[in-house]
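[1] Here you go, sequence then predicted model.
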Amino acid sequence: MSPMLQGIVTIVLGVGGCVMYFWLSNIILDKVIFPVRGPNPGRNINRANLVRPWLFLMPALLALGLYLMYPVVGSFIRSLYNRSGDEFVGFGNYSTMFADDGFQTAFLNNFLWILFVPAASTFFGLLVAQLTDQLKWGNIAKSLIFMPMAISFVGASLIWKFVYANDADIGLINAMRDYFGAGPIDVLQIGFWNNFFLMVILVWIQTGFAMVILSGALRGIPEETIEAAIIDGANPFQVFFKIKVPQIIGTITVVWTTITILVLKVFDIVYTMTGGNFGTDILPSYMMAYMFRDDGRATAVAFVIMLIVLPVMIWNIRQARAEMR
Amino acid sequence: MDNIAGSRPALRWVTQISVILLVLIWLLPTVGLLVSSFRDRDQISQSGWWMSPFAVVQNFGVKIDAGTATSTADQFTITGNIFEEAGSEVIRFGGSRAAPTEFKAGDTADLTRNRSLTVQIDGSFVYTSPEEITRDPTVYFSLASPPEFSLENYETIMTSSNMDRAFINTLTVTIPATIIPILIAAFAAYALAWMDFAGRGLIIAIVVGLLVVPLQLALVPLLQFHNKIGIGQSFLGIWMAHTGFGLPLAIYLLRNYMVGLPRDIIESAKVDGATDFQVFIKIVLPLSFPALASFAIFQFLWTWNDLLVAKVFLPSNSESWVMTVKIADDLLGSRGGDWGILAAAAFVSIAVPLIVFFTMQRYLVRGLLAGSVK
């Protein structure tokens, strides 16, 4: 069966199956198990309503449990076993990994990514959001800067491979160097700084995201506060830094953390641009180098990523709980 | 609203110019890719895409036939035209491989062994030698070839490189992986928004926590699980994986939206005797369309653009490659220097997301705002 046909069958079965499940389970609950007719309909209705939420939630809970909660435990357990998975090695994978030069490079690079990408994306996002606010063609400008969000990391990497190409007739960077009389250079092979050339790609993609959210937040600022500041003689920069930024600092934090989390997951850019060579490895790409070869090591890397994300996770949950109350 | 650009004209100009600059920086890389994808391989290597509207100067060399030489008392002469058909213009020419563009068209070049060569702009040449010309001499010349744009790269990539197969595979992965989580999440979101039961707060907290779980954790255990239950690396497996990975965001977005629906409508429907199931299908689902649309766009873009999940959960043979894998694992290696082909392939893979993006941007923005701003 061709994948296409298989896909159509899956849509029909999947969607149909889901609808049937929800519909049938509700019917069975209302008509068979707790019928409204019979000796005590009132008690039955209450009981049915106690069960119903779980009918609605069941498929989602199963999928979440299997595809996201079980892996946290499963990966941790797997990381305690050796390469082939038949011998318990305790934290052996972790200790050999921490001693590995490749891991240390990846870890440090990832740290650079976490410092640079969220900061730069948020900065440019805020800048564009503020600058376009007043322009007549602001929405078009925003739309164009937002566009890279739709492009895959692989596609974006290819786009930037052109910009970085080591040839003055293909790459913009080398064309500019050529114009000023400097010789061609392969920016992806300059030690240390090549990391930043890779980060630029993610900043290029994520600035649009930051811009959209910060622009929404800027619009939500009460006008009275700004008017009051202007009447008191504040100049535009003071209005921006002393009145606006403090009021949207919460949103800035959300944007910053969201991009930080993303940075820890993106392996595509490094994989496509350098394959982790020239000292550009980061944790996700380091992990993929071990995937299929040494699952013990791969899961250990994944668990390290999980540990880095953990504080954000806890913070998110606390925020959500505070909101519910 | 008064702003940073306030009422000062100078500041206003600075604003305009900086936005134009920013937009250009953001746009140029993509434009470069698009332009390059329509250019001919030789032209790409001769001039940058930013020069593509102008003619490209290219060097050529032709052998001229020594047999057509005429002889007078003291010299042998070959005449003719280096062009087979008229229309091109010679810019420079030369008589040796080492200096192929030494002389301007119209000049007379003195070559080694007392030979001389004159090439006119229209291509006609006179080649003279004091001795008999035994080997066919080569005339080198440069001419401006006009810019050429064609769909050739796209044809190559779609017909000979299996990109069409990869395109269909991407589509096959994307559509079920977008539709199925929406349905599952909508029911769950309704329960979390409008039904009262013990443990609701806990489940919401779990969903929020799962939003940030790194995908990397799921790869090894789930692949093992799929192998154990006999799914292995297959389309079914990747659909299930994408469904699971997309659910937290789906539930979170949809619940946030559904909570905001007017309470009166839902309660009066219940008073009229509607069950939760009916309320959900007939009232909540249609009203939630904007939220459903924005999640659908997210999930579509995410699954279409994904490389990681496809690499792990799909078989690694070329039959099942999606476009991202095809580009990253195959084309970049086998066609590494063929920029036109790479550009065309990249553009094929980003065209559909771009169309979705520009037509549905409203919903995407709304979804982002609902998902992040509190």
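    Received the coordinates, thanks.
[2] Which single residue in chain A comes nearest to chain B?
    Across chain A, no residue is closer to chain B than A:Tyr67, which sits at 2.5 Å (CB to the nearest CB). Using the backbone N, CA and C atoms, a C-beta is placed for each residue, glycine as well.
[3] all strands for the stretch 101-250 of chain B, in order.
    B:103-104, B:108-110, B:116-119, B:124-129, B:138-145 (DSSP state E, counting those that start in this stretch).
[4] now the fourth one: how far from the chain's centre is it?
    Relative to its parent chain, strand B:124-129 has a centroid offset of 50 Å by CA atoms, centre = their mean, to the nearest Å.
[5] Of the strands of the stretch 101-250 of chain B, which is nearest B:Val57?
    strand B:138-145 (5.4 Å; CB to CB).
[6] on that earlier part again, export the strands of the stretch 101-250 of chain B to JSON lines and append columns for mean neighbour count, mean pLDDT and distance to chain A.
    JSON lines is the format used below for the strands of the stretch 101-250 of chain B (neighbours: other CB atoms under 10 Å in any protein chain shown; pLDDT from 0 to 100; distance: least, CB to the nearest CB, whole Å):
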{"stretch": "strand B:103-104", "mean neighbour count": "16", "mean pLDDT": "83", "distance to chain A": "24"}
{"stretch": "strand B:108-110", "mean neighbour count": "13", "mean pLDDT": "83", "distance to chain A": "28"}
{"stretch": "strand B:116-119", "mean neighbour count": "21", "mean pLDDT": "85", "distance to chain A": "26"}
{"stretch": "strand B:124-129", "mean neighbour count": "19", "mean pLDDT": "85", "distance to chain A": "30"}
{"stretch": "strand B:138-145", "mean neighbour count": "19", "mean pLDDT": "81", "distance to chain A": "15"}
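[7] Would you report the backbone torsion angles of A:Gln134?
    phi -100, psi -20 (degrees, to the nearest 10).
[8] Isn't it up against B:Thr15?
    Yes. Here A:Gln134 reaches B:Thr15: they are 6.8 Å apart, a contact under CB atoms under 8 Å.
[9] so what's the closest residue to chain A within the stretch 101-250 of chain B up against?
    Proximity to chain A, evaluated over the stretch 101-250 of chain B using CB to the nearest CB, is greatest for B:Gly244 at 2.5 Å. Residues near B:Gly244 by CB atoms under 8 Å, 6 or more residues apart in numbering or on different chains: A:63-64, A:66-68, B:218.
[10] picking up where we left off before, of A:Gln134 and B:Thr15, which one has the most company?
    Using other CB atoms under 10 Å in any protein chain shown, the more surrounded residue of A:Gln134 and B:Thr15 is B:Thr15, with 23 against 17.
[11] I'd like to know how far the more buried one sits from chain A.
    5 Å (CB to the nearest CB, to the nearest Å).
[12] State whether that residue and A:Leu131 are indeed in contact, as I suppose.
    Yes. Using CB under 8 Å, B:Thr15 is in contact with A:Leu131, at 5.3 Å.
[13] Let me see the contact set for the spatially most central residue of chain A.
    In chain A, the residue lying closest to the centroid (CA atoms, centre = their mean) is A:Leu262, at 3.0 Å. By CB under 8 Å, 6+ apart, the contact set of A:Leu262 is A:202, A:206.
[14] Check which element follows the helix or strand where it lies along the chain.
    Using DSSP states H and E, A:Leu262 sits in helix A:249-263. Next along the chain after helix A:249-263, taking DSSP H and E as the criterion, comes helix A:268-273.
[15] after that following helix, next one along is what?
    Downstream of helix A:268-273 (by DSSP H and E), the next one is helix A:283-290.
[16] could you give the angle of that following helix to helix A:249-263?
    20 degrees (axes from the mean of the first three to the mean of the last three CA atoms, to 10 degrees).
[17] Just the CA atoms from helix A:283-290 would do, formatted as CSV, please.
    Extracted C-alpha coordinates of helix A:283-290, given in CSV (Å, rounded to 0.1, in the frame of the first residue of the first chain):
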residue,chain,number,x,y,z
LEU,A,283,23.9,19.0,23.0
PRO,A,284,21.0,18.0,20.6
SER,A,285,23.4,17.4,17.7
TYR,A,286,25.9,15.6,20.0
MET,A,287,23.0,13.3,21.1
MET,A,288,22.0,12.6,17.5
ALA,A,289,25.6,11.5,16.8
TYR,A,290,25.1,8.7,19.3
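[18] got the buried residues for it?
    Residues A:283-290 are the ones in helix A:283-290 that count as buried (16 or more other CB atoms under 10 Å in any protein chain shown).
[19] Using CSV, lay out the strands of the stretch 101-250 of chain B together with distance to A:Phe278.
    Formatted as CSV, those follow (distance: least, CB to CB, whole Å):
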stretch, distance to A:Phe278
strand B:103-104, 45
strand B:108-110, 47
strand B:116-119, 48
strand B:124-129, 50
strand B:138-145, 37
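[20] do you know which of those lies nearest A:Pro311?
    Of these, nearest to A:Pro311 by CB to CB is strand B:138-145, at 60.1 Å.
[21] who touches B:Leu27 in this structure?
    A:144, A:147.
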